[in-house]
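Q: Test case, fold it:
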Amino acid sequence: MQTRFLPYLLTLPSLFLAAVVIFWPVWDLIQISTHDVSRFGQLRDFSGLTNFWALTADADFTAALWRTGLWTVLVVGGALLLSIPVAIILNTDFYGRGIARVIIMLPWAVSLTMTAVVWRWALNGESGMLNSALLGLGLIDQNIQWLASAETAFPMQVLIGILVTVPFTTTIFLGGLSSIPDDFYEAAALEGATPLQQFREITFPLLKPFINIAIVLNTIYVFNSFPIIWVMTQGGPANSTDILVTHLYKLAFRIGKLGEASAVSLVMFAILLVFTMIYVRLAMREQRA
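A: Numbers count the residues shown, from 1 in each chain. Model (predicted):
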């Protein structure tokens, strides 16, 4: 009997910590989102789901929700597509591999805020390095205001998001590649398998668990990413590059609608929770099969 309950007793401290760190703030968010709240955070009358209904009528929230999904899919998908070949190259033995790995990891070592500040300077419409380089190469004949409209600002933010996500994703894939025995590739080469066939039949199947980890962690990370969007455009111009987390910040600290901001936070929490549960369940089912 004691052995039966021992695992539960051993996990109690971590469960208690999770309850304090996660469930307590979520409970506070539920309280705020279901009450009328002053700008100073003082709870007033119970309002039920009024704040949630207000979100459904808010065109900016709907646009930010759609844009958050697009932002997450493009950044996570782009990072995965780039990180796999980069990890394969860095996993091979060549002169200067250690230096190459350090260079790839450098964007991860710099804070997101500093990275966004540097890119905001580089994309300056009048004196930015990107315009100067393109003018010098003769690819454009006048300056482009990269951050002045969503048509150019949002794609640039996506590219920067991919850039800063690649190092972490590459690290995950390098761990996966290092766990694959070299004997598999030697046997495949003796059988006449091409590098593409080796990737399709050996590397990719054995890398799937690490791909699943990268997808879940990067989705959570990118979905909640604040610095790139906020530092470069603050969701502008005219809220046209807002994602949910920047829209939430504006609701709470610029407009003072703490109830609606808490409702947005709960919606984000629910989306990530449902995604993670569904994806992990599908990945485990595929692994068992």
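Q: residue ranges for the helices of the chain, please.
A: Ranges of helices in the chain, per DSSP state H, are 2-18, 24-33, 50-56, 59-91, 97-109, 112-122, 129-137, 150-178, 182-190, 195-198, 204-223, 227-233, 244-250, 258-288.
Q: nearest to L43, of the ones you listed?
A: Among the helices of the chain, helix 24-33 comes nearest to L43, with 6.7 Å by CB to CB. Just so you know, the C-beta spots here come from the backbone N, C-alpha and C atoms, and that holds for glycine as well.
Q: Can you tell me how far G259 is from F226?
A: Going from G259 to F226 by CB to CB, to the nearest Å gives 21 Å.
Q: just T115 next, same as before
A: Remark: distance between T115 and F226 (CB to CB) = 13 Å.
Q: follow-up on the earlier one: so between G259 and F226, which is more surrounded?
A: Neighbours around G259 and F226, counted as other CB atoms under 10 Å, are more numerous at G259. The numbers are 24 against 15.
Q: which residues sit in contact with the more buried one?
A: By CB atoms under 8 Å, 6 or more residues apart in numbering, G259 lies in contact with 32-37, 47, 50-51.
Q: what about 7 Å?
A: 32-33, 35-37, 47, 51 (CB atoms under 7 Å, 6 or more residues apart in numbering).
Q: one step back: least reliable of the helices of the chain going by mean pLDDT?
A: Ranked by mean pLDDT, the helices of the chain bottom out at helix 2-18, which scores a mean of 79.
Q: buried set for that one?
A: Buried positions in helix 2-18, judged by neighbour count with 16 or more other CB atoms under 10 Å: none.
Q: 5 is where my numbering starts, stick with that
A: All right, first residue 5 from here; so that's helix 6-22.
Q: Can you pull up the most central residue in the chain?
A: By CA atoms, centre = their mean, the mean C-alpha position of the chain lies nearest to V226, the distance being 1.4 Å.
Q: what about it, distance to E130?
A: 30 Å.
Q: Over to P171?
A: 31 Å.
Q: The two: who's more crowded?
A: When P171 and E130 are compared for neighbours, P171 comes out ahead with 20 against 7, by other CB under 10 Å.
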